[in-house]
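Engineer: 3D, please:
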Amino acid sequence: NNEQLFLSRAIQDTTIDVVLCEAKAGSGKTLVSLSNAMALINRNNPYESIIYIRASINDVDQVEEVGFLPGLEEKFAVYYHPIKDSIEYIARKKFSDSKLKGAELEAAIVEETERIIAKYRIQFMTGLGMRGRTFTNCIAIIDEVQGQSNASLQKMLTRFGTGCKVIIIGSQNQIDNKFVTKFNNGLSVLLDACSKPQTLIKTFAINLRKVVRSPLSEWAETIFTK
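Structural biologist: All right, here's what the predicted structure looks like:
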């Protein structure tokens, strides 16, 4: 839809450093962000990889301590479902006209998913362990920003060096962190900043208000956010 096209153009505009998207659930923000990040890399821009970062379990100071780190990688996997769903969707679309069926089709989709992750060097991260790191020549998608404190988001954004583009997505209707509100979370601070003239970088902000996931998703979004 038109909203997604505006977001796509902003992401593909290499002069824009930070793209901020506040959107309803089911508006396609993750898929649009990923597909356009892939398109940018295909155009042989300086970007070499895609980093997907999602807020960790909660946003209190204790999470930064090593003793609180989960011991199994599987415990982190739940935080990567949105981006992995989008990768699988893109892979599955490639075989929409294929004659493959059943297990053979599913195996081909798994292989294509792995190829996409390898080709675009897609990395999956939470906010844990980012302090002190520096990322260069990458496109970052920071998800669920409405659940992050100012300190947490500041830590993430200050990790990016030269040749980086940052896509920030979230929804003020989906705050599930008891330590922040719609007035003081990282998303609200960035929305306020993007409404003012910037001199150091070029920013773009957009709202996605059209739900495309399903009528059921739109109904749920409507009745619970009056």
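
Engineer: Am I right that Ile139 sits in a helix?
Structural biologist: No: read with DSSP: H, G, I helix; E, B strand; the rest coil, Ile139 is strand and lies in no helix.

Engineer: Number of residues surrounding it?
Structural biologist: By other CB atoms under 10 Å, 28 other residues sit near Ile139. (Glycine included, C-beta is placed from N, CA and C.)

Engineer: Three-state assignment for the residue lying closest to it once chain neighbours are set aside, please.
Structural biologist: Ranked by CB to CB, 6 or more residues apart in numbering and with sequence neighbours excluded, the top spatial neighbour of Ile139 is Ala37, at 4.3 Å. Assigned with three-state DSSP, Ala37 falls in the helix class.

Engineer: dump the residue contacts of Ala37.
Structural biologist: Ile11, Tyr47, Ile50, Tyr120, Ile139, Ile141, Lys165, Ile167 (CB atoms under 8 Å, 6 or more residues apart in numbering).

Engineer: Nearest to Leu187 among these?
Structural biologist: Checking the contacts of Ala37 against Leu187 with CB to CB, the nearest one is Ile167 at 12.9 Å.

Engineer: What strand or helix carries that closest one?
Structural biologist: strand 165-170 (DSSP states H and E).

Engineer: where along this structure do the strands fall?
Structural biologist: 18-23, 49-54, 122-126, 138-143, 165-170, 203-208 (DSSP state E).
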